[in-house]
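Q: Return a 3D structure for these sequence lines:
(chains A, B and C)
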Amino acid sequence: MVDKRRTRSRNEGLIGEGPVVYWMQRDQRVSSNWALLYAQEQAIARRVPLMVVFNLVPHYGKATLRQYDFMLKGLEEVETKLTSLNIPFTVLVGTPEETIPAFVKKHKVGEVVVDFNPLRFVDGWKKTVGKSLSVRLTEVDAHNIVPCFVASDKEEFAAYTFRPKIHRALSEYLTKFPTLKKHPYGELGLTSIKWSKCFESIDVDESVAPVAFVSGERAAQAMLKEFIKMRLTRYHLDRNDPTLSGVSGLSPYLHFGQLSAQEVAMRVRESDAPNDAKDAFLEELLVRRELSDNFCFYNNAYDQLAGAHVWAQTTLTKHTKDKREVVYTLEALEQGETHDDLWNAMQLQMVKEGKMHGWCRMYWAKKILEWTPDPQSAIDHALYLNDRYSLDGNDPNGVVGVMWSICGVHDRAWNDRPVFGKVRYMNYSGAKRKFDIKAYIEKYGSKSTLFT
DNA sequence: ATCGGCTCGCGCAA
DNA sequence: TGCGCGAAGCCGAT
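A: Residues are numbered from 1 along each chain as shown, chains lettered A, B, ... in the order given. Below is the predicted model:
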């Protein structure tokens, strides 16, 4: 049985007699998916068919062809897996406000199940769709281990206020996933998805090319296996050195929901890596990751200076008039054309590979604050670049990373200094102390393979 | 190389 | 009401 506390109703609709539909959004996987499992459980209890739909919007946040390509390739695998389980899968092209109610009407659907995402434009779809449906819209948090709306009932001040809540709830939610069954009711329609038509329907910037990073549930499982075998043992020692391969590499898979965070947590816990390594990784996977959803869920101004702690807003506003030593345009930043060779290398790595090392994300964003006319422009620029080029862009994790770096979200005050005020400062010599920046710049600092 | 101070406010203990 | 402590740091003193 799926724990009812993972679910909440998003409208006043009533459960009807017809099929159950899972409106897949953020959790684009067949295995270990509480929303899909819940939908099947409801369908079997009512002896009705189960269907899965994905609504493909022509543009999503600031995503480019790079992210769409990764996503659609993952969804092809979803189609194959669902088909073998007698669960029809459909991609609806258009806006969900129109497509979902029409689909529900056409198929006389009795209940719509949807996964959870705190980003405001996604939540807006659910509000509108929920209102126009006469049947129930049930939301299941399939992304977080402890459901976001259960973990805390307010915006958390920092990781230390959130951590005990997560750890206390963990044993109740870290439960084994039931197996998705071959669905016993209904028959598959014969129309398979025309994926080339899906690609044609999107309207995004195609100049940001797809990257050589294999998409899908199978690739995600392989990466998880490799991480646990090769890198987890030294995770606590190597993760903050961008010249080493110390990080998990799971972020794109977690972002698109091709991998379940809960499954990752359980596999890491049962591995025989040292406890220090496991603790360091689980801190990031459980506490920081889920804290990002908490921030975006409870803070309406999650991408604005107004969303920061009051002390941070005060100090940054006070320092907005400070003279910047150098100011770069968004274009100069995007091209990696600053005076800072380390920063340029980080930017170019993201442009080329679609990813940026965790430690670099902080340094990178803080420099944008230093080099832009005001904090809100810095937030906008950092999110623009991250959401365009990173495979895991357009995600609460990226939002909080930028907000932590630029306006001290979940952080505390430090020494007062120009431009930054009391927001934690980072600089080039700090990076030098920490890792071999020369090796890093040699590896990523060249523009030779760019824009060819 | 190592250490303390910087600075804010939450949340628990008393 | 007091007090400990926090996501990755910096800087100057020793």
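Q: Which positions in the strand or helix carrying A:Leu348 come out as buried?
A: Assigned by DSSP states H and E, A:Leu348 falls within helix A:341-353. Neighbour counts over helix A:341-353 (16 or more other C-beta atoms under 10 Å) mark A:Leu342, A:Trp343, A:Asn344, A:Ala345, A:Met346, A:Gln347, A:Leu348, A:Gln349, A:Met350, A:Val351, A:Lys352 as buried. The C-beta positions use only the backbone N, C-alpha and C, and glycine is treated the same way.
Q: mind listing the strands for chain A?
A: Along chain A, counting by DSSP state E, strands occupy A:7-9, A:20-24, A:50-56, A:89-93, A:111-115, A:136-140.
Q: if we can go back for a sec, Serialize the buried residues of helix A:341-353 to TSV and add fields for distance to DNA strand C and pLDDT.
A: Shown next, in TSV, are those (distance: C-beta to the nearest atom of the strand, whole Å; pLDDT from 0 to 100):
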residue	distance to DNA strand C	pLDDT
A:Leu342	12	96
A:Trp343	13	97
A:Asn344	18	96
A:Ala345	17	96
A:Met346	14	96
A:Gln347	18	97
A:Leu348	21	96
A:Gln349	17	95
A:Met350	16	97
A:Val351	22	96
A:Lys352	22	95
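Q: residues in contact with the residue lying closest to A:Asp279 once chain neighbours are set aside?
A: Spatially, and ignoring its direct neighbours in sequence, A:Asp279 is nearest to A:His236 (7.4 Å; C-beta to C-beta, 6 or more residues apart in numbering). Listed by C-beta atoms under 8 Å, 6 or more residues apart in numbering, the contact partners of A:His236 are A:Pro274, A:Asp276, A:Ala277, A:Asp279, A:Ala280, A:Phe281.
Q: what's the spacing between A:His236 and A:His309?
A: Distance of A:His236 to A:His309, given as C-beta to C-beta, to the nearest Å: 29 Å.
Q: Over to A:Asp341?
A: Using C-beta to C-beta, A:Asp341 is found at 33 Å from A:His309.
Q: Could you do A:Lys108 as well?
A: Applying C-beta to C-beta to A:Lys108 and A:His309 gives a distance of 50 Å.
Q: Need the contact partners of the biggest helix by length in chain A.
A: Ranked by residue count and defined by DSSP state H, the top helix of chain A is helix A:65-83. Residues outside helix A:65-83 that contact it (C-beta under 8 Å, 6+ apart) are A:24, A:28-31, A:52, A:54, A:60, A:88-89, A:91, A:188, A:192-193, A:195, A:198-199, A:202, A:204-211, A:213, A:215-218, A:252, A:256, A:258, A:354, A:389, A:391, A:393-394.
Q: OK, contacts around the residue in the stretch 101-250 of chain A positioned nearest to DNA strand C?
A: Of all residues in the stretch 101-250 of chain A, A:Ala159 sits closest to DNA strand C, at 2.7 Å by C-beta to the nearest atom of the strand. By C-beta under 8 Å, 6+ apart, the contact set of A:Ala159 is A:Val287, A:Arg288, A:Leu291, A:His410.
Q: ok, the contacts of A:His236 vs DNA strand C, which is closest?
A: Closest approach between the contacts of A:His236 and DNA strand C, by C-beta to the nearest atom of the strand: A:Ala280, at 9.5 Å.
Q: Please see if stretch A:288-306 touches DNA strand C.
A: Yes: contact check for stretch A:288-306 against DNA strand C, using C-beta under 7 Å from any atom of the strand: residues in range are A:Arg288, A:Leu291, A:Ser292.
Q: Return the helix holding A:Leu348 as PDB; C-alpha atoms alone will do.
A: Only the C-alpha atoms of helix A:341-353 are listed here, as PDB (Å, rounded to 0.1, in the frame of the first residue of the first chain):
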ATOM      1  CA  ASP A 341      40.300  32.200 -16.200                       C
ATOM      2  CA  LEU A 342      38.900  29.900 -13.500                       C
ATOM      3  CA  TRP A 343      35.400  31.300 -13.800                       C
ATOM      4  CA  ASN A 344      35.600  31.100 -17.600                       C
ATOM      5  CA  ALA A 345      36.500  27.500 -17.400                       C
ATOM      6  CA  MET A 346      33.600  26.700 -15.200                       C
ATOM      7  CA  GLN A 347      31.200  28.500 -17.500                       C
ATOM      8  CA  LEU A 348      32.700  26.700 -20.600                       C
ATOM      9  CA  GLN A 349      32.400  23.300 -18.900                       C
ATOM     10  CA  MET A 350      28.700  24.000 -18.300                       C
ATOM     11  CA  VAL A 351      28.200  25.200 -21.900                       C
ATOM     12  CA  LYS A 352      30.000  22.200 -23.400                       C
ATOM     13  CA  GLU A 353      29.000  19.300 -21.100                       C
END
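Q: For that helix, what is the distance to the chain centroid?
A: Distance of helix A:341-353 from the chain centroid (C-alpha atoms, centre = their mean, to the nearest Å) equals 21 Å.
Q: In the worst-scoring helix or strand of chain A on mean pLDDT, which residues are buried?
A: For chain A, counting by mean pLDDT, DSSP states H and E, helix A:235-238 ranks last in confidence among helices and strands (a mean of 90). Within helix A:235-238, the residues that count as buried by 16+ other C-beta under 10 Å are A:Tyr235, A:His236.
Q: any idea how far the residue of the stretch 251-400 of chain A found nearest DNA strand C lies from A:Trp404?
A: Residue of the stretch 251-400 of chain A nearest DNA strand C, by C-beta to the nearest atom of the strand: A:Arg288 (3.8 Å). Separation of A:Arg288 from A:Trp404 (C-beta to C-beta): 9 Å.
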